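*Asks:* Take this sequence and fold it.
(chains A and B)
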Amino acid sequence: MSKITQEKTKRLELAGLNKQPDRVPITSQIETFAYGYAGTTIAEVNKNPLKGVAAFKKCYEDIYFDAFFEPIFVHPFGFFDGLGADSYFASDDGVTAQHAEIAPMNGTEEEYKALIENPTKFFLDVINPRKFPNLNGAETDQRKAIVDAMKGAAGFLVGMGGGGMGLPILTDTPSFMGGFIEMPYDNLFDFLRGFKGSSVDMRRHPELVLEATDAIYETYTKECEKIYSFLNALSDPPRMAKNAYNVFIKGGNPECTRFPWFFNPTHAPSFMNQQQFEKFYWPTYKKTLELVTSFGGQTCTLLEGEWGPEKLELFKELEPGTVILYVENDDICEVKKQVGDYQAVMGGLPISLLKSGTKKECIEHTMKVFDACAPGGGFIYTTDKSLLSTEDCNPDNYKAVNEFAHVYGQY
Amino acid sequence: MEKKFSDIIYDYLKETLKRFIPIFWIPVVGDKLLDKVMNSTAVGFAWKGWVMISLM
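*Replies:* From the prediction side, this is the model:
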């Protein structure tokens, strides 16, 4: 690891722990915007994942960052194509990634009971065939679909692995994403019942919803986080070997480091009232965040939409420095005031301003946010939303803002 | 009876391991070893990896 990468890593680690580093760290939240910026498309990257890595490299070289989000777009299109699914697709511009809402589970008591009894088996035997057309034919066709999906996944892994290991070396910038978490209720909301179905289920059979989220946490989330904790050590071979021994031989838990963080986009909370949030979402959310802490890791949780002060107040229940609160539509200065003594905050730069504002307006906004959020540390600057389309921001504004922030953010 | 997808993918994985790793070709011992591997944490991780991605 180069000296510059070490310095950046230290900056991120300290800020994430709600401490004061040498300067305010700046991270990227760039997704498929990188493809358009570098003149490639999702289809081209699917054929040659290294084109995706090159596109992200160009962004991280042209715009200043202390850490980047991803080395290549995180959704493996090739895997889904192999199974005949259209969950993820490119917009007409060929660059903007989109995903359709798919709700393959019906809300009957029988389905909920099957999910509660064995989530993994339910996902494989009930949800997979409903979601993927190529898993509905004869066994030989299903085997072919498995092979096609694995080929798609392999291409994606080449991009993820190559970019994950190569980009920090090529750009002197670490990735801040060391794992991923989908919260138990969000599994139900995003992938099984959808917006409408899960809203109905909370009212129609609340007890089954609670049992389902508990079952997902106990038998699925815990295992997933073990896998991510294991993978978190990929760049550290001695720790990887220790984890392999602990997990595969002793049957214990892996150890991970505070940085890079586990990234968690939350989806349902901004659509829930306080009572629903505290009943259905918070219990397994809190347990999952504490689980990651117990492995030695830290979670960067994206508070999608607007949460409001009542929900944010609950983060005071967690051990200080457990999470980084990545703010989307709430006022980051108010969030910092409310929970800044407990947890670090991240965000502050609206992409709408980067797109439509002048350089002067973007820089004035940055000064205002830094003056309110930077004192004492525990603050990480980034865009309030992911950049997906080439139209999402004016790159000249983005370059100017990050160059300014890097200097102005010195403590 | 129609095979469930979890059985199809389990059998596929088992056959693939047997095809490419010579130690599993040894009569009796190879099969026992393969069963042990199929029930190991490492293969469990592979299952969960599939489920995690396919659920997205």
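*Asks:* Against chain A, how distant is residue B:13?
*Replies:* Residue B:13 is 9 Å from chain A, where distance means C-beta to the nearest C-beta, to the nearest Å. C-betas here are computed from N, CA, C, even on glycine.
*Asks:* Contact partners for that residue?
*Replies:* By C-beta atoms under 8 Å, 6 or more residues apart in numbering or on different chains, the contact set of residue B:13 is B:38, B:43, B:46.
*Asks:* Write out the residues of chain B neighbouring chain A.
*Replies:* When proximity is defined by C-beta under 8 Å from any C-beta of the partner chain, chain B lies next to chain A at B:3-6, B:8-9, B:12, B:40-42, B:44-45, B:47-56.
*Asks:* Just the buried subset of those, please.
*Replies:* B:5-6, B:8-9, B:12, B:41, B:44-45, B:47-48, B:50-56 (16 or more other C-beta atoms under 10 Å in any protein chain shown).
*Asks:* Which ones among those lie within helices?
*Replies:* With helices defined by DSSP state H, the entries of these inside them are B:5-6, B:8-9, B:12, B:41, B:44-45, B:47-48, B:50-55.
*Asks:* circling back: export the contacts of residue B:13 to a markdown table and tack on pLDDT, distance to residue A:367 and neighbour count?
*Replies:* Output for the contacts of residue B:13, formatted as a markdown table (pLDDT from 0 to 100; distance: C-beta to C-beta, whole Å; neighbours: other C-beta atoms under 10 Å in any protein chain shown):
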| residue | pLDDT | distance to residue A:367 | neighbour count |
| --- | --- | --- | --- |
| B:38 | 91 | 60 | 16 |
| B:43 | 84 | 54 | 16 |
| B:46 | 81 | 50 | 14 |
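*Asks:* Distance to residue A:332 for those - can I get that in CSV?
*Replies:* Below are those laid out as CSV (distance: C-beta to C-beta, whole Å):
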residue, distance to residue A:332
B:38, 49
B:43, 44
B:46, 40
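*Asks:* Next, the spatially most central residue of chain A: phi, psi?
*Replies:* The residue lying closest to the centre of chain A (C-alpha atoms, centre = their mean) is residue A:263, at 3.9 Å. In terms of degrees, to the nearest 10, the main-chain angles of residue A:263 are phi -90, psi 130.
*Asks:* My read is that it contacts residue A:180, right?
*Replies:* Yes. Residue A:263 lies in contact with residue A:180 (C-beta atoms under 8 Å); the separation is 5.5 Å.
*Asks:* circling back: by pLDDT, give me the weakest of the ones in helices among the buried ones among the residues of chain B next to chain A.
*Replies:* In terms of pLDDT, the lowest of these is residue B:47, showing 78.
*Asks:* mind checking the backbone torsions on residue A:97?
*Replies:* The phi/psi pair for residue A:97 (degrees, to the nearest 10) is phi -80, psi 140.
*Asks:* That one pairs with what?
*Replies:* residue A:90 (DSSP bridges).
*Asks:* what comes into contact with stretch A:310-326?
*Replies:* Taking C-beta under 8 Å, 6+ apart as the rule, stretch A:310-326 contacts A:16-18, A:261, A:269, A:274, A:277-278, A:282, A:286, A:289-290, A:293, A:298-303, A:330, A:335, A:338-339, A:341-347, A:380, A:382.
*Asks:* Please enumerate the helices of the stretch 151-300 of chain A.
*Replies:* Using DSSP state H, counting those that start in this stretch, the helices of the stretch 151-300 of chain A run over A:184-186, A:194-204, A:206-216, A:222-231, A:237-244, A:274-276, A:282-294.
*Asks:* centre of the chain versus the second one, how much separation?
*Replies:* What that stands for is helix A:194-204. 24 Å (C-alpha atoms, centre = their mean, to the nearest Å).
*Asks:* quick one: it to helix A:206-216, angle?
*Replies:* Helix A:194-204 runs at 120 degrees relative to helix A:206-216, counting by axes from the mean of the first three to the mean of the last three C-alpha atoms, to 10 degrees.
*Asks:* What average pLDDT does helix A:194-204 get?
*Replies:* pLDDT averaged over helix A:194-204 gives 96.
*Asks:* does that helix come close to chain B?
*Replies:* No. Using C-beta under 8 Å from any C-beta, we find that helix A:194-204 stays clear of chain B, coming within 13.5 Å at best.
*Asks:* Report all helices and strands that that helix contacts.
*Replies:* Judged by 3 or more C-beta pairs under 8 Å, 6 or more residues apart in numbering or on different chains; DSSP states H and E, helix A:194-204 is in contact with helix A:206-216.
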